[in-house]
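S.K.: Build the 3D model from these lines:
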Amino acid sequence: MLNNCCTFKLNLLNDMIIRIVPFLILVSQFVFSQEYSETQFKKISLDIVKESNFCVFITLDSLGNPQARLMDPYIPNDDFVVYLVTNPLSRKVKQLENDSRVVLNFQSIDGNSYVTISGTSSLLNNPEHKKKYWKESWTPHYKNINKSSLLIKVVPKSLEMISIPNNVLGDSITWKPNKIDFN
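M.R.: Numbering: from 1, shown residues only. As a prediction, this is how the structure comes out:
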């Protein structure tokens with residue numbers, strides 16, 4: 001009888017350990033988020049941005065309401081300046097002419113990381129800019145690149161990032177993501 005009781009308690013203890021340890025590991029990740037230098041933070045962010053095939057591009061309409069759409073970005077270098085292309089007659093052109101503030105959101109393919117860039121936009125219609133910053137995948141959608149397209153250049157003001165695989169997590173209480181500001 002005593003032997004059965006001890007076996008039951010050991011099995012119960014073992015079952016509790018099996019259930020609690022994964023929970024403690026998960027909690028410790030949120031409590032002990034790794035600190036990265038700004039250079040490392042930017043590298044992880046850039047990897048997420050470049051892995052993303054698309055981004056959500058958010059503008060403000062004339063009433064100040066956010067308008068979001070999925071777009072195909074071009075990121076030519078490591079400074080987080082992003083280029084997009086649009087039809088000159090699209091709603092977003094008028095929105096950008098009224099308010100140049102924009103937000104871009106990039107998500108990793110596995111959904112465990114994201115980068116949000118807040119910045120200002122400018123519309124570029126110069127053929128030299130189009131030639132320099134044109135992405136070949138855009139070509140089928142524009143019959144005459146010089147007449148039927150505008151480039152949108154987004155210069156970052158700030159960047160926020162969460163990356164669970166890299167243990168870059170938000171504040172454990174407020175969930176506020178890690179952020180860097182650009183000069």
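
S.K.: A helix includes Asn77, no?
M.R.: No: if the criterion is DSSP: H, G, I helix; E, B strand; the rest coil, then Asn77 is coil and not within a helix.

S.K.: Show me the strands in the protein, by range?
M.R.: In the chain, the strands defined using DSSP state E lie at 55-60, 66-71, 82-86, 101-107, 113-124, 150-163, 178-181.

S.K.: residues contacting Leu46?
M.R.: Going by Cβ atoms under 8 Å, 6 or more residues apart in numbering, Leu46 touches Ile75, Asp78, Phe80. For glycine as for every other residue, the C-beta is placed from the backbone atoms N, C-alpha and C.

S.K.: hmm, try it at 7 Å
M.R.: Listed by Cβ atoms under 7 Å, 6 or more residues apart in numbering, the contact partners of Leu46 are Asp78.

S.K.: check contacts around the residue most central in space within the chain.
M.R.: In the chain, the C-alpha nearest the mean C-alpha coordinate belongs to Val115, at 2.3 Å (Cα atoms, centre = their mean). By Cβ under 7 Å, 6+ apart, Val115 lies in contact with Ser45, Ile48, Val49, Phe106, Leu159, Met161.

S.K.: Could you identify which of those residues has the most neighbours?
M.R.: Ser45 (27 neighbours; other Cβ atoms under 10 Å).

S.K.: okay, that residue: pLDDT?
M.R.: In this model, Ser45 is scored at 96, pLDDT.

S.K.: for Lys132, same thing?
M.R.: The model's pLDDT for Lys132 equals 95.

S.K.: Distance check, the residue nearest to the centre of the chain against Gln40.
M.R.: 14 Å (Cβ to Cβ, to the nearest Å).
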